[in-house]
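Peer 1: okay, predicted coordinates and the sequence, questions at the end:
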Amino acid sequence: MIAEYESRIQRLESLLEERSAAQPTAPDPPSQDFSQPLPEWVDDLQSEIRSLPVAEGPSLAGHQSDFGAFDDELGLPDPYQPGMIQTTAEPTMPTMPIDFMLPPEMSYEVPQEISHLTSGFGSGAPRILTASLSEGVDEPPSLNRKRCDGYLPPPELGASLLKEFLVDFNTATPLYRPWIITEHLRKCFMGGSDGTPLFWANVYVVFGLAHRLRAMSTAATPQDTEMAEYYLNINLGSVSNLLLAEPSLALIQCLLGIATLLQTSSHSTSHALFVSTALRMAQWLSYNDDQSQPEDSDRDIEQQRRVFWIAFTMDTDTSLLSNAPTTHRRDDVAASYPETNLQDDAGAIKAADGNWSANIFSLRIGLSLLQAEAMETVLSINGRRRAPQESIATAQGLLQKLGVFHSHELFQFNAEQLMQLLYQSDIVHTVCLEASYFTTLFRLKTFLDFGMDHPFKPFSSESLNNLVGMAHQPCYNEARRFLSLLSVAPMGDIGLGWMAKLPIIAALCVVLAQATQHPSQYTPLPAEMHNYADIIQLLAVLSHKSKDAELKKNHALCAHLYTRIITGQGDSGCIIVRP
């Protein structure tokens with residue numbers, strides 16, 4: 001038996017020496033004046049990953065049951081240095097998967113109760129992406145793992161997912177430094193993980209968000225949504241370890257990534273807890289105050305500032321939708337706007353052909369400050385203490401500021417122009433920004449139209465029932481524009497639908513109520529009616545998947561209004577619709 005163990009140890013040592021000798025050399029991370037273009041950097045990573053030696057380990061047949069204990073006894077040293085994303089948690093990993101099985105094929109059928117809505121506008125709704133209505137869709141694939149080994153996709157797929165994440169998500173929402181997260185993933189594929197939950201959680205954030213974006217592309221498959229849910233479920237399994245870790249930039253990035261994965265899932269409302277936690281950690285580390293940063297600090301101040309603003313924008317948007325206070329007050333922000341960095345194009349969306357570009361990240365920050373001002377001065381408990389005339393003046397002043405904000409060139413393009421101008425992922429980012437703008441405008445105008453009722457929740461089914469019975473519909477033109485953009489955006493059981501479902505419902509109620517109450521002023525064109533039918537079908541998919549009673553009521557209300565339009569029935573008074 002001793003001789004057998006000695007032989008196995010020698011084989012393992014020999015294998016480690018061979019793999020170490022064949023290991024490609026990692027390039028040093030670029031400095032702040034990094035000049036190598038991002039696509040080249042990612043392509044280099046892909047080439048290096050492809051060059052990794054694929055060597056089979058020694059046969060351990062008959063000894064698999066004690067492999068973990070043997071590892072502990074062997075105590076092999078880790079030949080790699082800690083990853084560039086610094087982690088501080090104890091090196092204990094929660095149970096995670098390794099033996100990968102692809103999820104089953106899925107298909108979607110239009111619910112019978114709304115199947116008639118698309119009649120007369122062609123067959124079905126081709127823009128509704130294939131989705132799953134199976135009961136077990138939220139469960140990850142059946143997987144098992146060996147101790148201390150995190151699951152990784154094949155190297156070529158991993159490099160492709162990283163590239164799509166950097167181009168399609170991280171450019172508009174600069175959550176990570178591109179070269180740092182690239183090196184971080186490279187270490188994982190090289191076997192250089194430090195073994196902490198945080199190290200792997202950031203890897204799974206990248207893969208999960210990449211699959212979310214893939215699910216909204218023209219090449220989407222049902223497996224993309226399944227895999228995004230899979231990576232989300234892995235990270236949710238390590239939340240307890242993450243929350244007990246010492247606050248750090250990597251931890252804040254991880255929490256915001258998990259929040260985004262949740263926000264784009266059927267559990268979208270749960271993301272607020274992760275956003276507020278990340279924002280409080282950023283406060284604790286003084287990311288919100290440039291003056292509190294040590295002058296001799298070697299920390300990446302610019303990236304810390306970006307991460308703070310990402311958390312701040314997500315928090316203010318959530319507050320407007322939920323009618324809850326913001327986590328961080330606008331007056332307590334002493335962080336500068338993130339500067340444009342030509343090395344990584346942070347925040348920029350660019351024309352598919354030509355030189356046009358816009359910094360959507362800066363636009364999002366500007367809108368979030370207006371949202372925070374609206375919450376603190378008009379829509380908060382403190383706003384109730386103001387005199388009515390003062391509240392009206394403040395709200396009208398904010399509406400004027402929103403008008404200035406929306407005069408930006410990006411918002412002057414119509415749906416067809418955006419489709420010709422931008423890549424699909426950038427259209428998604430633009431639609432999300434338009435949804436946030438409409439949410440802000442809708443909250444302020446309904447606040448004024450409903451007599452400055454502070455506890456009023458305009459996105460509830462009760463409020464929307466009252467809204468569609470009003471003679472004057474707030475934000476009608478803005479609602480019509482917002483819905484028109486959805487005609488060129490991906491729809492279905494995908495991230496955009498879950499993230500923007502509340503402003504979509506509100507906008508649809510506004511335009512349908514306008515058409516039923518004032519048909520002489522607005523009669524939707526056939527193309528618009530087709531678009532509205534697609535949206536109602538989307539709401540059916542989401543309500544069926546989420547089992548959300550409020551969402552079902554709102555879907556029923558929109559379907560009722562739509563039916564009244566196609567049957568030529570006018571409307572008056574309050575409409576009460578029960579599913």
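Peer 2: Now that the structure is in, tell me what you want to look at.

Peer 1: show me what counts as buried in the longest helix seen in the chain.
Peer 2: For the chain, the helix that runs over the most residues, judged by DSSP state H, is helix 424-449. Residues of helix 424-449 classed as buried by neighbour count (16 or more other C-beta atoms under 10 Å): 424-447, 449. C-beta: built from backbone N, CA, C; applies to glycine.

Peer 1: what's the neighbour count on Gly366?
Peer 2: Gly366 sits with 16 neighbouring residues when counted by other C-beta atoms under 10 Å.

Peer 1: any low-confidence regions in the stretch 51-200 of the chain?
Peer 2: Along the stretch 51-200 of the chain, the model assigns pLDDT under 70 to residues 51-149.

Peer 1: same check, this time on the stretch 201-350 of the chain
Peer 2: 288-297, 334-335, 337, 339-344.

Peer 1: which residues in it form helices?
Peer 2: Counting by DSSP state H, counting those that start in this stretch, one finds helices in the stretch 201-350 of the chain at the ranges 222-236, 239-243, 249-263, 271-284, 301-322.

Peer 1: which one of these lies nearest to Arg384?
Peer 2: The minimum distance between Arg384 and the helices of the stretch 201-350 of the chain falls on helix 301-322, with 16.2 Å, by C-beta to C-beta.

Peer 1: that closest one: which residues count as buried?
Peer 2: Residues 302-321 are the ones in helix 301-322 that count as buried (16+ other C-beta under 10 Å).

Peer 1: relative to helix 249-263, how tilted is that helix?
Peer 2: 30 degrees (axes from the mean of the first three to the mean of the last three C-alpha atoms, to 10 degrees).

Peer 1: output helix 301-322 as PDB, nothing but the C-alphas.
Peer 2: C-alpha atoms of helix 301-322 as PDB (Å, rounded to 0.1, in the frame of the first residue of the first chain):
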ATOM      1  CA  ILE A 301      -9.700  55.200  -7.600                       C
ATOM      2  CA  GLU A 302     -11.200  55.600 -11.100                       C
ATOM      3  CA  GLN A 303     -12.700  52.100 -11.100                       C
ATOM      4  CA  GLN A 304     -13.900  52.500  -7.500                       C
ATOM      5  CA  ARG A 305     -15.700  55.600  -8.600                       C
ATOM      6  CA  ARG A 306     -17.300  53.800 -11.500                       C
ATOM      7  CA  VAL A 307     -18.500  51.000  -9.300                       C
ATOM      8  CA  PHE A 308     -20.000  53.500  -6.800                       C
ATOM      9  CA  TRP A 309     -22.000  55.200  -9.600                       C
ATOM     10  CA  ILE A 310     -23.200  51.900 -10.900                       C
ATOM     11  CA  ALA A 311     -24.600  51.000  -7.500                       C
ATOM     12  CA  PHE A 312     -26.000  54.500  -7.100                       C
ATOM     13  CA  THR A 313     -27.900  54.400 -10.400                       C
ATOM     14  CA  MET A 314     -29.300  51.000  -9.800                       C
ATOM     15  CA  ASP A 315     -30.500  52.100  -6.300                       C
ATOM     16  CA  THR A 316     -32.200  55.200  -7.400                       C
ATOM     17  CA  ASP A 317     -34.000  53.400 -10.200                       C
ATOM     18  CA  THR A 318     -35.200  50.700  -7.800                       C
ATOM     19  CA  SER A 319     -36.400  53.300  -5.300                       C
ATOM     20  CA  LEU A 320     -38.600  55.000  -8.000                       C
ATOM     21  CA  LEU A 321     -40.200  51.700  -9.000                       C
ATOM     22  CA  SER A 322     -40.700  50.500  -5.400                       C
END
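
Peer 1: helices and strands around that helix, which ones?
Peer 2: Counting contacts by 3 or more C-beta pairs under 8 Å, 6 or more residues apart in numbering; DSSP states H and E, helix 301-322 packs against helix 249-263, helix 271-284, helix 360-377, helix 424-449.

Peer 1: Glu446 contacts Phe456, correct?
Peer 2: One correction, residue 446 is Thr, not Glu. Yes: using C-beta atoms under 8 Å, Thr446 makes contact with Phe456 at a distance of 7.0 Å.

Peer 1: can you list residues touching both of the two?
Peer 2: Residues touching both Thr446 and Phe456 (C-beta atoms under 8 Å, 6 or more residues apart in numbering): Ser463.

Peer 1: output the strand or helix carrying Ile180 in PDB with nothing but the alpha carbons.
Peer 2: According to DSSP states H and E, Ile180 maps onto helix 178-189. Only the C-alpha atoms of helix 178-189 are listed here, as PDB (Å, rounded to 0.1, in the frame of the first residue of the first chain):
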ATOM      1  CA  PRO A 178     -11.200  44.800 -18.800                       C
ATOM      2  CA  TRP A 179      -7.600  43.600 -18.400                       C
ATOM      3  CA  ILE A 180      -8.100  42.800 -14.700                       C
ATOM      4  CA  ILE A 181     -11.100  40.600 -15.200                       C
ATOM      5  CA  THR A 182      -9.400  39.000 -18.200                       C
ATOM      6  CA  GLU A 183      -6.400  38.100 -16.200                       C
ATOM      7  CA  HIS A 184      -8.700  36.900 -13.400                       C
ATOM      8  CA  LEU A 185     -10.500  34.400 -15.700                       C
ATOM      9  CA  ARG A 186      -7.200  33.400 -17.200                       C
ATOM     10  CA  LYS A 187      -5.900  32.300 -13.800                       C
ATOM     11  CA  CYS A 188      -9.000  30.200 -13.400                       C
ATOM     12  CA  PHE A 189      -8.400  28.300 -16.600                       C
END
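
Peer 1: show me what it is packed up against.
Peer 2: helix 38-50, helix 155-165, helix 197-215.

Peer 1: what's the pLDDT at Leu561?
Peer 2: We have a pLDDT of 95 for Leu561.

Peer 1: how far away is it from Thr567?
Peer 2: Per C-beta to C-beta, to the nearest Å, Leu561 is found 11 Å from Thr567.

Peer 1: those two - which one has more neighbours?
Peer 2: More crowded of Leu561 and Thr567, by other C-beta under 10 Å: Leu561, with 24 against 7.

Peer 1: surely the more buried one and Gln514 touch.
Peer 2: No: taking contacts as C-beta under 8 Å, Leu561 lies outside contact range of Gln514: 9.9 Å.

Peer 1: residues in contact with Gln521?
Peer 2: Gln521 touches Gln514, counting by C-beta under 8 Å, 6+ apart.

Peer 1: check which helix or strand covers it.
Peer 2: Using DSSP H and E, no helix or strand contains Gln521.

Peer 1: gap between it and Leu166?
Peer 2: The gap separating Gln521 from Leu166 is 47 Å, by C-beta to C-beta.

Peer 1: show me how this protein divides into domains.
Peer 2: As assigned by automatic domain parsing, the chain contains the domains 38-53+80-103+141-266, 107-137+447-579.

Peer 1: surely Phe459 touches Leu321?
Peer 2: Yes: the criterion here is C-beta under 8 Å, and Phe459 meets it with Leu321 at 6.5 Å.
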